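Undergrad: The sequence and its predicted three-dimensional model are supplied below.
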Amino acid sequence: MAEGNRARLSHVKKRYQFVAIAAALGLAGCAQYASVRETRPRFRPERAALEALVSVEQSIVKAAQKQKREPKAAMGELLTAAEAAERQLARNPNDAAARDAYNFAVARVIGTIKQAKLDPWSQPLRVPATGGEFVLTHQPDPRPQWNPALYDFTPADQFDIGGTFVTEKVRKEGVGAPLVAIGREERNDARKEFTVSRTYYGVTGLIRFESRRAVISFEDPLASERVTLGGHGFPLAADYTAPLAVMLARMNLKKMDLARLLWPEKHAETARIARLQPYDPNKTVVLVVHGLMDTPATWAPMIDHLRGDEEIRRHYQFWFYSYPSGYPYPYSASILRHELDAVQQRFPMRRKMVVIGHSMGGCISRLLLTDTGDKLWMEAFKKPPEQVAMSPEHKKLFTDALIFRHRPEVGRVIFICAPLRGSHLAINWVGRIGSMLVRAPTTLLKAGTEVLTDVEFEPDELRLKRIPNSVDTLAPNNRFVRAIQTFPLTPGIPYHVICGDRGKGGNKDRTKPEMSDGIVPYWSSHMEGAQSELIVPSGHNAHQNPQAIAEVRRILKLHANR
């Protein structure tokens, strides 16, 4: 009788555990990373400026009335308004109302081109206007990827944006119409060029008037800070948030979080480095590496805020490493090293990169600063590679994951909430059930089956009958996790630590209660020898905490000015 009750109780307990996990995953999936809705902006000039710009306002009002039925006539009114506003700026460069009117008119011209499916890119477009016909054309750019015919341009002020990762809008006041350029086709050279499959990029549009010629040009606000218009220099207007928000909303990366954890083999092609902007050999690469059950989208708040700083824009370019987070992290680190080899062939770096790793991404980043020789291999197999009998394919896999050198292109690393010594969550019931749900790739399963018979476990080690997955490699009693702590980080490469403290109090050592971000305890993320360490009031997503972002900004400026 008692045995039966215990069995039923155990069954009920397991059911509640699975329900709890399912509920947690379901709640995590409800929130959108970014939401985007297109709106119709209205021109609202300052009352004091109405007299000086009355003709401009009238032209803009007329354009709005003609927009749907007569798009070319509407465009003529907008070009008339932009030309008049440009003349006023030439007379008075400090006229903020004239600047706003110019920006609004330029944005509506480019918005009309998309809405009415006009094409001033292939050949000049003749636009009727009260003062005489305009010839609308564009300024040629020698760079093939800057051909405007490849993109649809939407004014950034037409987007009403929000979402989990889009809580603030980072913009820069100035001259020009901030736009979101979206590639009309997916790029078939995306992997070779280390970029995203479809372009989502922020540019700023200007129109300069040469008699009755209206010439559109596109400026890169991540490459240029100022622009010349009407003989005067102005700050270049920019919207840094809208392009990221549109990319997150259109690509819907949220659906990849759980899928890449549970079924990593199905998403093997997503393991790659990609650039978020055109490569500039004179700027230092900041490579961000996400954590478990995450995607590069998790970095949007930090990148958005950092791009709002002119000094950061001047010195840095942002790239990301994305990977299926169900992989054991030493395997993900080996893929990253191969990606870095390929990157150096295509885009040789003049300056050493800064790597920022969050959570398991910090564990991957740690291996970029580590020289193991054959010690990890010997720890695992007790004999050198040439004496271990296994297929060449599997031997290469284990060699890449266990025998490696630090990466010479890395100049600094920032670790954020990194479980470098593991997390108890990986070995409690939640972690063990989570581990069982991860489906290891066939290649890794076969490799594990081939070698596990040669592995001897210590009594207190995590024992598995299969190759470890990502959850297993975050367990404090995992052999690799223990062994990697015996290797010092490469001297001469500075590193920094940011930890989260969710505010429940606790001790910095392993005595209870432990200071923690809710996932990773302080004793696991703390690193001796760090140039700086900051504890921020945050849960595990400390890389989205304002204090942590400010600390990263400080470190990047320190690195740029050393």
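TA: That came in fine, so what should we check first?

Undergrad: Surely residue 36 is within a strand?
TA: Yes - Residue 36: assigned to a strand according to DSSP: H, G, I helix; E, B strand; the rest coil.

Undergrad: if I read this right, it contacts residue 246, doesn't it?
TA: Yes - with contact defined as CB atoms under 8 Å, residue 36 counts as touching residue 246 (5.4 Å). C-beta here means a position set from N, CA and C on the backbone, and glycine is covered the same way.

Undergrad: tell me, what's touching these two both at once?
TA: Taking CB atoms under 8 Å, 6 or more residues apart in numbering as the contact rule, residue 36 and residue 246 both touch 159, 161.

Undergrad: Would you mind telling me which of those two has more residues around it?
TA: Taking other CB atoms under 10 Å, residue 36 and residue 246 do not tie; residue 246 has more neighbours (24 against 21).

Undergrad: tell me the contacts of the more buried one?
TA: By CB under 8 Å, 6+ apart, the contact set of residue 246 is 34, 36, 154, 159, 161, 180, 182, 200.

Undergrad: so the first one makes contact with residue 165?
TA: Yes - using CB under 8 Å as the test, residue 34 is close enough to residue 165 to be in contact (6.0 Å).

Undergrad: Overlap of the contact sets of these two?
TA: Residues touching both residue 34 and residue 165 (CB under 8 Å, 6+ apart): 248, 297, 300.

Undergrad: Most neighbours of all these, which one?
TA: Neighbour count (other CB under 10 Å) singles out residue 248 as the most crowded of the shared contacts of residue 34 and residue 165, with 26 neighbours.

Undergrad: Please name the residues that touch the closest residue to residue 322 other than its chain neighbours.
TA: Spatial nearest neighbour of residue 322, chain neighbours left out: residue 296 (5.1 Å); criterion: CB to CB, 6 or more residues apart in numbering. Neighbouring residues of residue 296 by CB under 8 Å, 6+ apart: 253, 274, 288, 290, 320, 322.

Undergrad: if we can go back for a sec, would you mind checking which of the contacts of residue 246 is nearest to residue 500?
TA: Taking CB to CB as the measure, residue 500 lies nearest residue 34 of those, at 23.3 Å.

Undergrad: how far away is that closest one from residue 182?
TA: Between residue 34 and residue 182 the computed distance is 14 Å (CB to CB, to the nearest Å).

Undergrad: Show me which of these two is the more surrounded one.
TA: Ranked by neighbour count (other CB under 10 Å), residue 34 and residue 182 place residue 34 first, with 25 against 19.

Undergrad: hmm, back to that, state the pair within the contacts of residue 296 that is farthest apart.
TA: Largest separation among the contacts of residue 296 by CB to CB: 253 and 288, giving 13.9 Å.

Undergrad: Looking at these two, which has the bigger crowd around it?
TA: Neighbour tally, residue 253 and residue 288, criterion other CB under 10 Å: the higher count belongs to residue 288, 26 against 22.

Undergrad: is it true that residue 370 touches residue 403?
TA: No - using CB under 8 Å, residue 370 is not in contact with residue 403; the gap is 11.0 Å.

Undergrad: Pairing partners for the nearest residue in space to residue 176 that is not next to it in sequence in the sheet, please.
TA: Distances taken as CB to CB, 6+ apart place residue 204 nearest to residue 176, at 3.9 Å, with adjacent residues excluded. Beta bridges link residue 204 to residue 178, residue 219 when assigned by DSSP bridges.

Undergrad: Could you give the number of residues near residue 204?
TA: Residues near residue 204, counting by other CB under 10 Å: 25.
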